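K.L.:
got a sequence here, can you build the structure:
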Amino acid sequence: MSVNKHKPHWLILPEDDANRQIATGFELSVPNIQVLRVANGWGNVRDSFKREHNRQMQKYPERLMVLLVDFDNQADRRADVTSEVLDSFRDRVFVLGSYVHPEKLKSALGMSYEKIGKVLARECVEGTGETWGHPLLRHNRRDLLRIRKRNPFR
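P.N.:
Sure thing, here's the model as predicted:
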């Protein structure tokens, strides 16, 4: 699905196929979202941002981006992923993902990846956070609050 690049819109850059499926649940639930091709690793998410998206963020000031990665039990993963994001765009770039791997999240929640994405999207729209509060997701709180301040879902 394509978005109008000159109006407020979201791009989601997923690390792997499991994250892509979660992002698809969001894309099906919320307007003005486009899921990009899988980057194949969190390092490739970072490098892709450096190569392509810094320039695109400058060209399209209405663009917001979610970098959807596995944190792999690494508390500093967010900083690693955003190390190539230019300072002028940091307020429009968000890093979200399961603290371990999406497979563990899928097992813990007992639902498909796409369903997880739909539930998380619904909670964003409604301003609730039961699923976002799960131990494998609660580390996203800071970026989730930053997203909600932009009120993009209403």
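K.L.:
contacts only, for Ser98.
P.N.:
By CB atoms under 8 Å, 6 or more residues apart in numbering, the residues touching Ser98 are Asp70, Phe71, Lys104, Leu105, Leu136, Leu137. Backbone N, C-alpha and C define where each C-beta goes, glycine included.
K.L.:
nearest to Trp10, of the residues you listed?
P.N.:
Taking CB to CB as the measure, Trp10 lies nearest Leu137 of the contacts of Ser98, at 18.4 Å.
K.L.:
helix or strand: which one has the residue nearest to the spatial centre of the chain?
P.N.:
Nearest to the geometric centre of the chain sits Val66, at 3.4 Å (CA atoms, centre = their mean). Assigned by DSSP states H and E, Val66 belongs to strand 63-68.
K.L.:
on contacts alone, who are the packing partners of that strand?
P.N.:
Applying 3 or more CB pairs under 8 Å, 6 or more residues apart in numbering; DSSP states H and E, one finds that strand 63-68 contacts strand 9-14, helix 17-29, helix 42-48, helix 54-59, strand 93-96.
K.L.:
could you rerun that using 7 Å?
P.N.:
Contact partners of strand 63-68 among helices and strands, from 3 or more CB pairs under 7 Å, 6 or more residues apart in numbering; DSSP states H and E: strand 9-14, helix 17-29, strand 93-96.
K.L.:
which ones are touching the residue nearest to Phe49 when sequence neighbours are not counted?
P.N.:
Counting by CB to CB, 6 or more residues apart in numbering, Glu84 is the residue found nearest to Phe49 once chain neighbours are left out, at 5.4 Å. Residues near Glu84 by CB atoms under 7 Å, 6 or more residues apart in numbering: Arg46, Phe49, Lys50.
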